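Novice: Provided below for reference: sequence and predicted model.
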Amino acid sequence: MPVILGLPKGSLQDATFNMMRKAGFHVQAGSRSYVPSVDDPELQCRLIRPQEISRYVELGLLDAGITGFDWIYENNSDVHEVSEMCYSKATSRPVRWVLAVPNDSPIQSVKDLQGKRIATEAVGLTNRYLAQHGVTAEVEFSWGATEVKAPELVDAIVELTETGSSLRANNLRIVETILTSTTRLIANKKAWTDAAKRAKIEQLAMLLQGALAAESRVLLKLNVPAAQLETVSAILPSLHAPTINRLNDAEWFAVESVVEEKVVRDIVPPLRAAGATGIIELPLNKVIF
């Protein structure tokens, strides 16, 4: 039987489809399709709201799923966490659930929420947070547009933010961070004990992690005269050590290394000054450690 995988529909969908493609799985879905096609007979995909994926994985209706830790926590789901994957809809940073209030609100801490009204999509998370601090407040479920509800409809909101730009645009300030969340690959506990399904889920985890690792890395290729090989090798970072091959001309070597993309601009000038030539930077799909 194929592994049934829940993929997040909505804001994380495009980033997840792109990551799946880099991992080697081409997933396609129409605008109204909830059963995407995937070019792997051992895998079936379902598009489901990330808020629901962990519940369906726990129930065994999905063998595995990709969702945020926040929704696993919100649903209190009993699932096996296979892998943490640090990506979100816009960046590779974690997202945060924050307590936010209007800029001119007198609320300065969670203690000031006593007897207040709070709007949020994460009701369970918020109630647990309040209970931890001994605060009693009215928490109402928000169906959307949560930022615009304060201060006319509620005193505060608990909302998900990645960059904080939406909160600032709505004249809200963050009081406290309640939960930091990253994307997780999770599995149903029974499916995880099935040898065939576990092998497939582990393969998926390895390839997705490889795709994520490649996001921030590139392959540098360059030619180096023999006399400068040691100097260039000392400048060039690598996962373990650069790959070095002698060219047809015995006085030259081809050198290549996987490096962090952010350092390329700083190391190319000294590499060139040290005698490297024919420097090429190539993007990567996967880096498997």
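Specialist: Noted; the coordinates are in hand. Residues are numbered from 1 along each chain as shown.
Novice: what comes up buried for the helix-or-strand element of the chain with minimal mean pLDDT?
Specialist: Taking mean pLDDT, DSSP states H and E as the measure, the helix or strand of the chain with the lowest value is helix 165-169, at a mean of 89. Neighbour-count burial for helix 165-169 flags residue 167 (criterion: 16 or more other Cβ atoms under 10 Å). (Glycine included, C-beta is placed from N, CA and C.)
Novice: So what touches it?
Specialist: With Cβ atoms under 8 Å, 6 or more residues apart in numbering as the test, helix 165-169 has contacts from 98, 100, 147, 159, 161, 173-174.
Novice: Among these, which one sits closest to residue 120?
Specialist: residue 159 (6.8 Å; Cβ to Cβ).
Novice: roughly how far apart are the closest one and residue 124?
Specialist: Per Cβ to Cβ, to the nearest Å, residue 159 is found 15 Å from residue 124.
Novice: those strands in the stretch 101-250 of the chain, which residues are they?
Specialist: 117-120, 138-141, 156-161, 172-181, 183-187, 217-225, 243-246 (DSSP state E, counting those that start in this stretch).
Novice: could you give me the average pLDDT of the fifth one?
Specialist: Model confidence over strand 183-187 averages 96 on the pLDDT scale.
Novice: Buried by neighbour count: which residues of it qualify?
Specialist: Here strand 183-187 shows 183-187 as buried, counting by 16+ other Cβ under 10 Å.
Novice: now the longest one
Specialist: The neighbour-count criterion (16+ other Cβ under 10 Å) identifies 172-173, 175, 178-179, 181 as the buried residues of strand 172-181.
Novice: Need those in TSV (columns: distance to residue 223).
Specialist: Listed next are the buried residues of strand 172-181 as TSV, based on distance: Cβ to Cβ, whole Å:
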residue	distance to residue 223
172	55
173	55
175	57
178	53
179	50
181	46
